[in-house]
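Q: what follows is a predicted protein model with its sequence.
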Amino acid sequence: MIFNMEFETLPREAIEAIQLRRLKAVVERAYNNVPFYRKKYDEAGIKPADIQKLEDIQKLPFTTKQDLRDNYPFGMFAVPMDNVVRIHASSGTTGQPTVVGYTARDISTWAELMARSLQAGGATRDDIIHNAYGYGLFTGGLGVHYGAECLGASVIPISGGMTERQVLIMKDFRPSILTCTPSYALHLAEAAVENGMDFADFNFRAGIFGAEPWSEAMRQEIEKKLHLSAVDIYGLSEVLGPGVAMECQEAKAGLHVWEDHFIPEIINPDTEKNVAAGETGELIFTSLTKEAFPVIRYRTRDISSLNYSPCVCGRTHVRMNRVSGRTDDMLIIRGVNVFPSQIESVLMEVSQVEPHYQLVVDREGAMDTLTVKVEVGEGFFSDEVKQLQSLQAEIAGHIKELLGVSVKVKLVEPKTIARSQGKAVRVIDNRKI
Amino acid sequence: MFADQISVFLENKAGRLAEVTKTLAGASVNIRALSLADTSDFGILRLIVDNNDKAESALKEAGFTVRTTRVVAVEVSDKPGGLMSILEFLDSKQINVEYMYAFVRQRHDNAVMIFRFDNTDSAVEALTSEGFAVIKGDELYTM
């Protein structure tokens, strides 16, 4: 089933014609309304009129997460605040989130793209959607919610948490589509078993999972334990939120990027040059239709590749392959972005010295766990157990406060954290993704 | 009237305690008393040794986190109720014991206890004025 038959099956030439028209318009709008873009393009000697063909996008400078932070909170908005109807924010480093805004039209575009995504994922207007993405500043919950309503499905806005109650509602309301992070899906499966229930007795047909990296092996595990067909959804708040790209149930092989609204590119993150079609590199997105918060050539730091071959589902939009990693050392823990620099700032604050530390990520059962290893140096060491334990608790407490993620703090002996060329290896990711 | 104790941070894993004793043996340091406080993650080894400077530099050289802590060694009558009498006294003076452990050797047929107080100065003053025998560090290390 295809939500927007006309646009989702456009021939390539038609997609590219739309993209060029919209690209010219968005560059014009950004240049005229966002001082950041005007300054950047002036410095690079580029005018909106220089965009004559699609390839000309490669002349434009990139936009980075740091650029968004430098313009915190509303500096990147391209419309006056009275046209903004919604604000979301992503978890940010050093306590500073990335803030994004939406006009009424942006919200309705987003709803349509999410409706397309939900339908590609197997949902129809007859379905009940159990939406366990978090509602709030995070784009996941409300993004799916508006899409479900646009599709005409019935949505249960359960949000995250209160897992036992979720299981009860699954049993009684008999939802047929599950939307949440893949790790939470497995957590739900375990909770069902603990409460003497089984997903086999529920009514689920499909699950739409995203907001954190997962793998084919995890897909198989989810499908086996939850008795549904699991598909991958991609999005990031800077570009839109969930619904930038979606895997179709028919092929389950890559995620269709809604190309009438976004231009995806792949670059070599070191040379910053576009790679040949099909090659792997860093994913770059340009939003073509967003009014309040246009982004042009945004560096996602996600590693992927683009597949232009025809898809069995009939959709003509390019497929991005499952994100296989990150170019920086950002970690996604239970849907939350975690940067080592954030942890470092907490450790500095608590211990007053620059500590050696390492972040270790594991997947224990269904949940991602983050362990912060801290070397106990002399400035840090007390010979009383209770003081060291309160230090552990204080570090964990501050991290929870700043990032909303529970971590385990493990104190280790000096020089036990591996160093390469004198620099500590900051992140060990043991998740098998 | 204090004694210096060497405290060492240890991860709770196999072989770490052996590594400390090996390091001290290599520096010809004699351990006079020790106590180990541990959690599931880490432990703190507390040592009274015959030569603090040698012990501290050897352990630091070997990469351990070390610090010196002031403790108080007190003679305690070696009979039932001996320890109780001193603890009751400390309690009456509202002096908190952070931790304590026994010294191996006796002095004047009395047992010797090592105490760590939250306020070392007032503890020593109270103990001596009450007539408890507090042992100087220099004597303790070579007793």
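A: That came through, no problem.

Q: what's the domain layout of chain B?
A: Following automatic domain parsing, chain B resolves into domains at B:3-68, B:70-141.

Q: hey, where'd the helices end up in the stretch 1-150 of chain A?
A: In the stretch 1-150 of chain A, the helices defined using DSSP state H, counting those that start in this stretch lie at A:5-8, A:12-33, A:35-44, A:65-70, A:104-120, A:139-151.

Q: ok, now how distant is the nearest residue to residue A:63 once chain neighbours are set aside from chain B?
A: Spatial nearest neighbour of residue A:63, excluding adjacent residues (C-beta to C-beta, 6 or more residues apart in numbering or on different chains): residue A:298 at 4.8 Å. Using the backbone N, CA and C atoms, a C-beta is placed for each residue, glycine as well. Relative to chain B, residue A:298 is positioned 41 Å away (C-beta to the nearest C-beta, to the nearest Å).

Q: run through the bridge partners of residue A:298.
A: For residue A:298, the beta-bridge assignment (DSSP bridges) gives partners residue A:63, residue A:285.

Q: by contact count, what packs against the helix or strand hosting residue A:263?
A: In the assignment (DSSP states H and E), residue A:263 maps to strand A:262-267. Secondary-structure packing of strand A:262-267 (3 or more C-beta pairs under 8 Å, 6 or more residues apart in numbering or on different chains; DSSP states H and E): strand A:281-287.

Q: mean confidence score for the strand it packs on?
A: Per-residue pLDDT over strand A:281-287 has a mean of 96.

Q: now it - C-alpha only, PDB.
A: Output of strand A:281-287 as PDB, limited to C-alpha atoms (Å, rounded to 0.1, in the frame of the first residue of the first chain):
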ATOM      1  CA  GLY A 281      30.300   7.600   3.400                       C
ATOM      2  CA  GLU A 282      28.700  10.200   5.500                       C
ATOM      3  CA  LEU A 283      25.100  11.000   4.900                       C
ATOM      4  CA  ILE A 284      24.200  14.600   4.100                       C
ATOM      5  CA  PHE A 285      20.700  16.000   4.000                       C
ATOM      6  CA  THR A 286      19.200  19.100   2.500                       C
ATOM      7  CA  SER A 287      15.600  19.900   3.400                       C
END
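
Q: which strands and helices lie in contact with that strand?
A: So strand A:281-287, by 3+ C-beta pairs under 8 Å, 6+ apart, packs with helix A:12-33, strand A:262-267, strand A:298-304.

Q: and the angle from that strand to helix A:104-120?
A: 130 degrees (axes from the mean of the first three to the mean of the last three C-alpha atoms, to 10 degrees).

Q: how distant is strand A:281-287 from the center of its chain?
A: 13 Å (C-alpha atoms, centre = their mean, to the nearest Å).

Q: surely residue A:197 touches residue A:171?
A: Yes: with contacts counted by C-beta atoms under 8 Å, residue A:197 reaches residue A:171, the gap being 6.0 Å.

Q: what about the residue of chain B most remote from its centre, which SS state?
A: Within chain B, residue B:14 marks the point farthest from the mean C-alpha position, 23.7 Å out by C-alpha atoms, centre = their mean. Following DSSP: H, G, I helix; E, B strand; the rest coil, we place residue B:14 in the coil state.

Q: rank the helices and strands packed on strand A:281-287 by pLDDT, which is bottom?
A: Among those, strand A:298-304 scores lowest, with a mean of 92.

Q: show me what whichever helix or strand comes after that one is packed against.
A: Remark: after strand A:298-304, the chain's next helix or strand is strand A:306-307, criterion DSSP H and E. Judged by 3+ C-beta pairs under 8 Å, 6+ apart, strand A:306-307 is in contact with strand A:319-320.

Q: near chain A, which residues of chain B show up?
A: B:5, B:7, B:9-11, B:16, B:37-39, B:41-42, B:44, B:46, B:63-67, B:69, B:98-99, B:116 (C-beta under 8 Å from any C-beta of the partner chain).

Q: now the residues you listed: which count as buried?
A: Burial by neighbour count, judged by 16 or more other C-beta atoms under 10 Å in any protein chain shown, picks out B:5, B:7, B:9-11, B:16, B:37, B:41-42, B:44, B:46, B:64-66, B:69, B:98-99, B:116 from the residues of chain B next to chain A.

Q: what's the pLDDT at residue A:414?
A: What the model reports for residue A:414 is a pLDDT of 83.

Q: so it makes contact with residue B:66?
A: No: applying C-beta under 8 Å as the test, residue A:414 and residue B:66 come out as separate, 10.1 Å apart.

Q: so which of the domains of chain B is the most surrounded?
A: Across these, averaging neighbours per residue (mean count of other C-beta atoms under 10 Å in any protein chain shown) puts domain B:3-68 on top, at a mean of 17.

Q: quick one: terminal-to-terminal distance for it?
A: 10 Å (C-alpha to C-alpha, to the nearest Å).

Q: ok, now stretch A:312-319?
A: Chord length of stretch A:312-319, first to last residue, is 12 Å (C-alpha to C-alpha).

Q: give me the neighbour count for residue A:172.
A: 8 (other C-beta atoms under 10 Å in any protein chain shown).

Q: oh sorry, the question was meant for residue A:383
A: Neighbours of residue A:383 under the rule other C-beta under 10 Å: 23.

Q: ditto for residue A:344
A: 17.

Q: please report how far it lies from residue A:287.
A: 32 Å (C-beta to C-beta, to the nearest Å).
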